[in-house]
Every structure is written in C-alpha cells, then in structure tokens.
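J.: Return a 3D structure for these sequence lines:
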Amino acid sequence: MRSDQDAPPKTFAFVSLGCPKNTVDSERMLGLLAQDGYVPVREPDGADLVIVNTCGFIDAARAESLAVIREMIDRKQAGQIKGVVVAGCLAERQKELLLEEVPEVDQIIGVFGREEIVKAADRILGGLDEQRTIFNPAPIRALDDTARLRITPRHLAYLKVSEGCSRFCTFCAIPYMRGKHVTKPIEAVVAEARELAADGVVELNLVAQDMTYYGVDLYGRPRLAELLRELDEVDGIRWIRILYNYPNYFSDELYEALSGCKKVIPYLDMPLQHVNDRMLKLMNRRHTRAETEEIIRRLREAMPGLVLRTTFIVGFPGETDEEFEELLAFVEQTKFERLGAFPYSLEPDTPAAKLPDHLPEEVRRERRDRLMAAQQPIAFGFNASLVGRTLDILIDAPAPAELGPGVWSGRSYADAPDVDGLVFVRDRDLRPGDLVSCEILSSEGYDLVARPIEGASPRRKGRSRPRPRKAPPASPFTILPG
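T.: Below you'll find the model as predicted:
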C-alpha cells in the first residue's frame, strides 16, 4: 500500500505582482506553503497549483493582473496545471467581478486571507467542493510577516512596518482594499529585522502605506524616530532605506533620527502627488505647498547628500493649465533626484470619480510626458554630478552578458531596488551582497559605470561604517563620499 511519504510532492508556481508591500505578502504565503510541504517550482507548466498575487491599484495594474490570471486559466484548461488561486488586492477589490469574468479560478483569497493559503491549496488538490473564496476582515493589529520564503535577492529585503492607510486621499482605493492604518509593534519590527539580518540581509527597505504615521494608532503618537534608532542597532544591516513617507508628522525628533542614525542612508521616498494648494485640497492631501517646501528644506539640511524620490499625479479632475504649469515649475526649481509622474487614473469607487471636469486621456498623457521630459535632464544632471566621486556600491547580480565578462550590476545609496538606475562595476571578483567603494567613471542616462578603488576590499560582514557628517551641501546634487 502506498504511504503518504511515497506520494510525489505537491508543487506550486507563484506570480507576484504589484508593490513591495505585496511582495511581503507573497513571501509570507510562500513560507506558509513551504512549511506545509508544498514545493515551489520556477515554471507553471507541470505544477499542481499556480498562485497569482494580484495588484488592484490602478486600471493598468488590474489589466496586467487579469491578463496573467487568464494565461494561467488557459494553461489549466490545456492540462498543464491543476488549479489556479488568485490572491491580493484585485481579489479583495473585485471578487464578484473575478468570479464572473474568470469563473474557472479555483480559489479567490483576499488581502487578509493570506494566512489561509494552505487551506485554499488543500481544497483544490483534495477535490473538495467547498466555498471558493476566503475573505477575512482587516486586522486590528498588523499581521506577522516572519518565516517568509523571500523572492528578493538574499542581501536585500522589504520590511513592512504597518498595514493599511487612514488618509483617504480622494484618488486612492488602498484604504478600501487594505483597511485603515495598523502599526506593527516596534519589538515585532525589530525581531523581524534580526531574522532578516540572520538570513543575510544587508539592505533593509522599510515599507508602509504611510510611514510617518507609524505608531499613532498603537501608541497615541508617531514613533518612527524611535523605530529607526532601534533598527540602527541591528547587527548585520548596513543600509536602512525608508520608503513612502507621507509629508506629515515630520518632527524635530524625526529629523534628528534621520540625521543621527548611522545606517539610515540619505534616501527618502516622499510621494507628494501635487503642489498646487487647490489640487492638494481636492485630493484630500493634508498639507500645503508651503509646508511641503519647509519639509524638503529641513530634510536636505538634516541629511547631507539627500536623494529625494517623489511621485506626482497629473491631469487630476479640474486641473487647469495654470495649475499644471505651477507643478512643472516646482519640479524644475526643486530638482528632485528621482521622480515618477502618472496620468490620473479614474477609480470608480473613489471620491475623485464623482468630481466634475474630468480631463481627456490625451491631455492627461500629454501632461505626464511634459513633466517627465522636464525631469529627465535633472535626473541625468544628478548622475553626471556623481562622476569622479567615490561611493559605496552594493552588488546585486552579474550584469547582462552583452556588457562583457567581469561586469556586475549594483546600486548606490541613491538607487532603490527595481525603481531607480543601476551601477555597473567592472574588473572585480565580486559577489551579490558585497559593499565595495568605487570611483564613478561615467554616467549613461539613468545608469552609472564604476570601478573599485584600488586596494579596497568588499565589505561582507560586520557593522557598517558611520556615515560622514558635514555642513549642508550648497546643491541638492552634492554627494558625500561613501
């Protein structure tokens, strides 16, 4: 008689779409499945199951998610796989539509049903004719993100410090998909950081929907500064990068922590969305242009060599030519080192959908193109300003073969994973996770070419060096030595 030990392993392929917060959810589900004996495989064909963790943020992301789902359904109908699970934000936002449009999906799991991924997989492989959906209410405490099976390179990781958002910007559906803001306790974040460091993580990327709000719901006041000081003491971590900082709750205490923590690199992602006060009010953004400019001034004073990434929405309902020109001039004046621009996307279940004076798609796209055209020489100029300087480069992987042998792909502190440029390092026997001092030789658009400093050895273990402190730079393009 055949025993369970003789049975072939249960296999699954995983497709993770969307933002880094979604990546963390994917890694948690991967870990839960692996702990239960499911074996991950790289390709869907031949797998028992395929799990698609979807994004539902804007129309383009939903279209991409649906395309992947339909591709997997086609493979199932061709007999290549046995079952398809759809999880994540699109599942949370449009479960009824999904059941109608792709009825062949075997299980649909909402954002907060992720902890039951094994139950969903067992249902499919067990042939059980049960409820096809798993939707749990938003938690009152942030979910546990430990014991992940990570899909990022081993030396970098995303660490989610909170869940959800309580801002309710009029263009955004995230609170309806991920619930209100819930803070992960400081001790839980630090414990997860230690777990990641023990697994080889060098670069820790902190993510949340609203980073500066961290702690308000749980402790009654913002506590991001305290969290940063605690994380700064975690052995093994060299870089701490802070993403998605809403332009509120910047306090003297936070500026001091950003300035004083030796592992917090001078890179901040602060989505501004607009700068015109009327537009900000229509978006329900709780800050003004004057407040924004003061925050930027204080940040650049506190963090010499700061690289500031932001995003803007153009073509919001009612945006006039003059209001767009104000935004354009602000970008040219402020010189953000990193910037993304997006044409307004109508989200049917958001307050902005009910506003009058929606602009034609061609106007929205033309404004996006103009803003990015204005930003390009700023970004290229920033890269050109790095030539001849010495920076620490974190090695990620071998460069594409067409660049020749002995070339590695890496990033400086100025480059967040997957969204910013790369640094190509030549003539060194390196490996992923190495931090090596390099001279920047040239800039090629958004990317850089560098070589290791003669005699410099890659730093692989141990505590990071303190970041040098100098007077505030005269230009936002001034970079301190690594």
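J.: any chance you could read off phi and psi for the nearest residue to Tyr413 once chain neighbours are set aside?
T.: Excluding the flanking residues, the one nearest Tyr413 by C-beta to C-beta, 6 or more residues apart in numbering is Ile265, at 4.1 Å. Placement of C-beta: from N, CA and C, glycine included. Dihedral angles of Ile265 (phi, psi; degrees, to the nearest 10) stand at phi -80, psi 150.
J.: elements contacting the longest helix along the chain?
T.: Longest helix in the chain, counting residues (DSSP state H): helix 361-386. If contacts are counted by 3 or more C-beta pairs under 8 Å, 6 or more residues apart in numbering; DSSP states H and E, helix 361-386 sits against strand 307-314, helix 321-334, strand 338-343, strand 435-444, strand 447-452.
J.: Domains of this structure: list them as residue ranges, please.
T.: What automatic domain parsing lists as the domains of the chain is 7-134, 156-380, 387-482.
J.: Pick out the shakiest of those domains, pLDDT-wise.
T.: Among these, domain 387-482 has the lowest mean pLDDT, at a mean of 80.
J.: how about the helices in the chain?
T.: Assigned by DSSP H, the helices in the chain fall at 20-35, 59-77, 89-93, 95-101, 117-125, 174-178, 186-198, 216-219, 224-231, 252-260, 277-282, 289-302, 321-334, 361-386.
J.: what helices or strands is the first one leaning on?
T.: When you say that, I think you mean helix 20-35. Secondary elements touching helix 20-35 (3+ C-beta pairs under 8 Å, 6+ apart): strand 11-16, strand 39-40, strand 49-54, strand 83-88, helix 117-125, strand 156-160, strand 203-207.
J.: so how far is that helix off the chain centroid?
T.: Centroid separation for helix 20-35 versus its chain: 15 Å, with C-alpha atoms, centre = their mean, to the nearest Å.
J.: related to what we said a few turns ago, show me the one of the helices and strands packed on helix 361-386 that comes nearest Gly236.
T.: strand 435-444 (12.0 Å; C-beta to C-beta).
J.: Next, the angle strand 203-207 makes with the closest one.
T.: Strand 435-444 and strand 203-207 meet at an angle of 70 degrees, taking axes from the mean of the first three to the mean of the last three C-alpha atoms, to 10 degrees as the criterion.
J.: and strand 435-444, what other elements does it pack with?
T.: For strand 435-444, the packing partners by 3+ C-beta pairs under 8 Å, 6+ apart come out as helix 361-386, strand 390-398, strand 423-426, strand 447-452.
J.: got the contact list for that strand?
T.: With contacts defined as C-beta atoms under 8 Å, 6 or more residues apart in numbering, strand 435-444 is touched by 202, 238, 380, 383-384, 386-395, 423, 425, 428, 430, 448-453, 456-460, 464, 482.
J.: If you count neighbours, what's buried in it?
T.: Using 16 or more other C-beta atoms under 10 Å as the test for burial, strand 435-444 gives Leu435, Val436, Ser437, Cys438, Ile440, Ser443.
J.: now these as CSV including distance to Glu192?
T.: As requested, the buried residues of strand 435-444 are arranged in CSV below (distance: C-beta to C-beta, whole Å):
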residue, distance to Glu192
Leu435, 22
Val436, 27
Ser437, 30
Cys438, 31
Ile440, 34
Ser443, 36
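J.: Who is Pro398 paired with across the strands?
T.: For Pro398, the beta-bridge partners under DSSP bridges are Trp408.
J.: how close does it get to Asp392?
T.: 19 Å (C-beta to C-beta, to the nearest Å).
J.: Check Asp106 too.
T.: Using C-beta to C-beta, Asp106 is found at 47 Å from Asp392.
J.: hang on, the earlier thing: next, format the helices and strands packed on strand 435-444 as TSV and append mean neighbour count and distance to Glu293.
T.: Below are the helices and strands packed on strand 435-444 laid out as TSV (neighbours: other C-beta atoms under 10 Å; distance: least, C-beta to C-beta, whole Å):
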stretch	mean neighbour count	distance to Glu293
helix 361-386	17	17
strand 390-398	21	28
strand 423-426	22	31
strand 447-452	20	29
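J.: and the ones you listed as JSON lines, adding distance to Gln209?
T.: As requested, these are exported to JSON lines (distance: least, C-beta to C-beta, whole Å):
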{"stretch": "helix 361-386", "distance to Gln209": "23"}
{"stretch": "strand 390-398", "distance to Gln209": "26"}
{"stretch": "strand 423-426", "distance to Gln209": "29"}
{"stretch": "strand 447-452", "distance to Gln209": "30"}
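J.: what's the first-to-last distance across stretch 173-185?
T.: 25 Å (C-alpha to C-alpha, to the nearest Å).
J.: And it, what's buried?
T.: Ala173, Ile174, Pro175, Tyr176, Met177, Arg178, Gly179, His181, Val182, Thr183, Lys184, Pro185.
J.: what does stretch 23-41 give?
T.: Buried, per 16+ other C-beta under 10 Å, within stretch 23-41: 23-34, 38, 41.
J.: And stretch 189-197, by the same measure?
T.: Quick answer for stretch 189-197 (16+ other C-beta under 10 Å): Val189, Val190, Glu192, Ala193, Arg194, Glu195, Leu196, Ala197.
J.: which residues touch it?
T.: By C-beta under 8 Å, 6+ apart, stretch 189-197 touches 145-146, 157, 159, 161, 204, 227, 230-231, 234-237.
J.: same thing but 10 Å
T.: 24, 142, 144-148, 150, 154, 156-162, 183-185, 201-204, 206, 214, 227, 230-231, 233-238, 240 (C-beta atoms under 10 Å, 6 or more residues apart in numbering).
J.: and of the buried residues of stretch 189-197, the nearest to Leu403?
T.: Each of the buried residues of stretch 189-197 was scored against Leu403 by C-beta to C-beta, and Leu196 proved nearest at 30.3 Å.
J.: where's the closest one relative to Leu430, distance?
T.: 22 Å.
J.: Verify the stated contact: Ser16 with Ile151.
T.: Yes: if you go by C-beta atoms under 10 Å, Ser16 and Ile151 touch, sitting 6.3 Å apart.
J.: ok, these two, which is more surrounded?
T.: Higher neighbour count among Ser16 and Ile151: Ser16, with 20 against 12, using other C-beta atoms under 10 Å.
J.: Tell me the spacing between Val52 and Glu43.
T.: 14 Å.
J.: Have a look at these two and say which one is more surrounded.
T.: Val52 (25 against 9).
J.: And for that one, nearest residue in space, chain neighbours not counted?
T.: Val15 (4.6 Å).
J.: That neighbour and Asn22: what is the separation?
T.: Distance from Val15 to Asn22, by C-beta to C-beta: 11 Å.
J.: can you list residues touching both of the two?
T.: Asn53, Thr54, Ala87.
J.: residues touching Pro44, list them.
T.: With C-beta under 10 Å, 6+ apart, Pro44 has these contacts: 11-15, 50, 52, 71-72, 75-76, 80-81, 84.
J.: same thing but at 7 Å, please
T.: Contact analysis of Pro44 by C-beta atoms under 7 Å, 6 or more residues apart in numbering lists Ala13, Val50, Met72, Arg75, Gln80, Ile81.
J.: Let me know the closest of these to Leu308.
T.: Looking across the contacts of Pro44 and measuring by C-beta to C-beta, the closest to Leu308 is Ala13, at 38.1 Å.
J.: In the beta-sheet assignment, what are the partners of the closest one?
T.: Beta bridges link Ala13 to Val50, judged by DSSP bridges.
J.: Quick one: neighbours of it, just the number.
T.: 20.
J.: I'd say it and Glu43 touch.
T.: Yes: counting by C-beta atoms under 7 Å, Ala13 touches Glu43, with 6.4 Å between them.
J.: about what we covered before: would you list the contacts of Pro44 in TSV and tack on distance to Arg365?
T.: Converted to TSV, the contacts of Pro44 look like this (distance: C-beta to C-beta, whole Å):
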residue	distance to Arg365
Ala13	35
Val50	34
Met72	31
Arg75	34
Gln80	38
Ile81	37
